[in-house]
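Novice: Sequence first, then the predicted structure:
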Amino acid sequence: MSVGIVGGGITGLATHYYLRESGVESVVFEADDEPGGVVRSAEVEGRVLDFGPQRTRLTPSIRRLVESLGLDDELREASDPPLYVYRDEKLRLVPQSPREAVTTDLLSWRGKARALLEPLTGPAREGESVEAFLTRKFGSEVARYYFGPLYGGIYGSHPGEMPVEHSLAKALDGAGIEGSVLTSVARKVVSGREAPPIVSFDAGLQRLPEALAEAHRESVRLGTPVRGIRREGDRFTLETADGETTVDELVVTTPADVTADLLGDLAPESAAALRELNYNPQAVVHLRAETDLTGAGYQVQYDEEFRTLGATWNASLLDRDGVYTCYLGGSRNPELVERSDDELASVAAEEFEAITGHGARALSVRRLRRGMPAYDRSWAALDRVSAPEGIRLCTNYTSRAGIPGRIREAKATAETLARKESERETASTVTA
Ligand SMILES: Cc1cc2nc3c(=O)[nH]c(=O)nc-3n(C[C@H](O)[C@H](O)[C@H](O)COP(=O)(O)OP(=O)(O)OC[C@H]3O[C@@H](n4cnc5c(N)ncnc54)[C@H](O)[C@@H]3O)c2cc1C
């Protein structure tokens, strides 16, 4: 059996790696000259910058990948850093332990007391938004100042626009949607289970997809966009500028609009639905600053008059000399990404100074016109998407965004295909 993988981002490359490890023949087609997709790192003025994700959790699967790729010595680990939300003229500590939940000034005593009633509340209702769900469960303060900025802010969406079923339900993996979120958190605290550490690599996060591509480089075709997909009996032919390749199974990991173009003839209704999915445009501005800030960074509460969604303090988090990464735009200011580099640089630096009190200058300005999946109401269109037989869709619209989620889905996809391969072999042996 041969598998064609469209897209050499972290999902496509991890799928390829797991398939190859289990002896299944596969080939990756990546449009760009570099592997990694939105996971992209580079050096500017001698400093490592990441233009997409800044860090990942070192989950057991990622740890195993890092070890088998020989990347252990390049890992940078962050020690349990504090995180902040900016609201009412101040950075306020996000509680990450029961003790911090008592002492933080992010919430009033009344807000904290209301949150304790959560175990008495019911599960998510059909069509309920993240904001309505969290308000009903924890009260309006916790919804607006704690979960809202942390959850919606990461995607650049307003929680009032995000239906639970297409967003938070995936993040909580059932634990807090049907049952109580607080009870499940309390269980974790009592059992002493800790979240895996936050990590990156000396040369930035792109090191991971680079190493995955390198491990089986003979079958990773960079700079080779797939232009079309044809069905030939029960096989598929991929068209590229270099010629055609025919495979038995396909894994498509491209953003929704590209997938829609590629599946247009094979599954027109699914393609039309995929075109409806919103991604939030974002500008990523790296700043250089001398500060005494310690922590992971901050999210800006969405009622504040800032265009910055949040900032990562790479300097403190990952020991990156004076580097701070600001995300701007999102669903509230989608047109912001069209501004000039100079304008974006000064908005980011001015707002960083207003929020932290520290002056900064820009190192780099990048734009992600289709950045984070918005997981807003447009994602209801997913109900109308079904991949044709023999094609697996595998990326931010089939399961969770984020590197751990992507690796998990890649592994599961590769395992399913490997099982199919061994069933085929058994069947052909029996026939022979
Ligand atoms: C701004 C931002 C910040 C993030 N921060 C974090 C974070 O801190 N931690 C975390 O864990 N996650 C984070 N994420 C999420 C995480 O980065 C993504 O979920 C993940 O990288 C998506 O990987 P993917 O391979 O599924 O998709 P992509 O990276 O989009 O890969 C798809 C690939 O398909 C290729 N392609 C497109 N068209 C074609 C074609 N015609 N033929 C062949 N190839 C094609 C593209 O070039 C691309 O390489 C962030 C994402 C963004 C955008």
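Specialist: That came through fine. Numbering: from 1, shown residues only.
Novice: Tell me who's in contact with the closest residue to A267 other than its chain neighbours.
Specialist: Closest residue in space to A267, ignoring its immediate chain neighbours: P388 at 5.0 Å, by C-beta to C-beta, 6 or more residues apart in numbering. Just so you know, the C-beta spots here come from the backbone N, C-alpha and C atoms, and that holds for glycine as well. When contacts are counted by C-beta atoms under 8 Å, 6 or more residues apart in numbering, P388 touches 231, 263, 266-267, 270.
Novice: Secondary structure class of the nearest residue to G264 once chain neighbours are set aside, three-state.
Specialist: In space, G264 comes closest to A271 once its chain neighbours are excluded; the distance is 4.7 Å by C-beta to C-beta, 6+ apart. Following DSSP: H, G, I helix; E, B strand; the rest coil, we place A271 in the helix state.
Novice: about what we covered before: so the residue nearest to A267 versus the ligand, what's the distance?
Specialist: Distance, P388 to the ligand, by C-beta to the nearest ligand atom, to the nearest Å: 17 Å.
Novice: That residue belongs to a strand, doesn't it?
Specialist: No: if the criterion is three-state DSSP, then P388 is coil and not within a strand.
Novice: picking up where we left off before, kindly indicate the member of the contacts of P388 with the most neighbours.
Specialist: Counting neighbours by other C-beta atoms under 10 Å, the top entry in the contacts of P388 is L263, with 24 neighbours.
Novice: check contacts around that one.
Specialist: 229, 252, 270-271, 274, 387-388, 391.
Novice: Give the burial count for V85, as a bare number.
Specialist: 23.
Novice: related to what we said a few turns ago, so which of the contacts of P388 are in helices?
Specialist: Of these, the ones assigned to helices by DSSP state H are 263, 270.
Novice: Taking the contacts of P388 together, which two end up most distant?
Specialist: Using C-beta to C-beta, the two most remote members of those are R231 and S270, lying 14.3 Å apart.
Novice: Does the closest residue to L116 other than its chain neighbours belong to a helix, a strand or coil?
Specialist: Sequence neighbours aside, L182 is the residue nearest to L116 in space, at 7.3 Å (criterion: C-beta to C-beta, 6+ apart). Look at L182: counting by three-state DSSP, its state is helix.
Novice: what about the residue of the stretch 51-200 of the chain found nearest the ligand, is that helix, strand or coil?
Specialist: The nearest approach of the stretch 51-200 of the chain to the ligand comes at P53, 3.0 Å away (C-beta to the nearest ligand atom). For P53, the secondary-structure state derived from three-state DSSP is coil.
Novice: Tell me, how many residues neighbour it?
Specialist: Other residues near P53 come to 20 when the count uses other C-beta under 10 Å.
Novice: Same check on D383?
Specialist: A count of nearby residues for D383, using other C-beta under 10 Å, gives 10.
Novice: gap between it and the ligand?
Specialist: 21 Å.
Novice: residues in contact with that residue?
Specialist: If you count contacts by C-beta under 8 Å, 6+ apart, then D383 has A273 around it.
Novice: what residues does this structure put near the ligand?
Specialist: Within the chain, the positions near the ligand by C-beta under 6 Å from any ligand atom are 6-12, 29-32, 37-39, 52-56, 225-226, 253-255, 258, 282, 368, 371-372, 395-396, 401-403, 406.
Novice: What's the ChimeraX line that selects buried ones from these?
Specialist: Entered in ChimeraX, the line below selects the buried ones among those, by 16 or more other C-beta atoms under 10 Å:
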select :6,7,8,9,10,11,12,29,30,31,37,38,39,52,53,54,55,56,225,226,253,254,255,258,282,368,371,372,395,396,401,402,403,406
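Novice: sorry, back to before: could you dump the contacts of P388 into a markdown table with distance to A195 and pLDDT added?
Specialist: Compiled in a markdown table, the contacts of P388 are given as follows (distance: C-beta to C-beta, whole Å; pLDDT from 0 to 100):
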| residue | distance to A195 | pLDDT |
| --- | --- | --- |
| R231 | 44 | 94 |
| L263 | 37 | 95 |
| L266 | 41 | 94 |
| A267 | 39 | 95 |
| S270 | 36 | 96 |
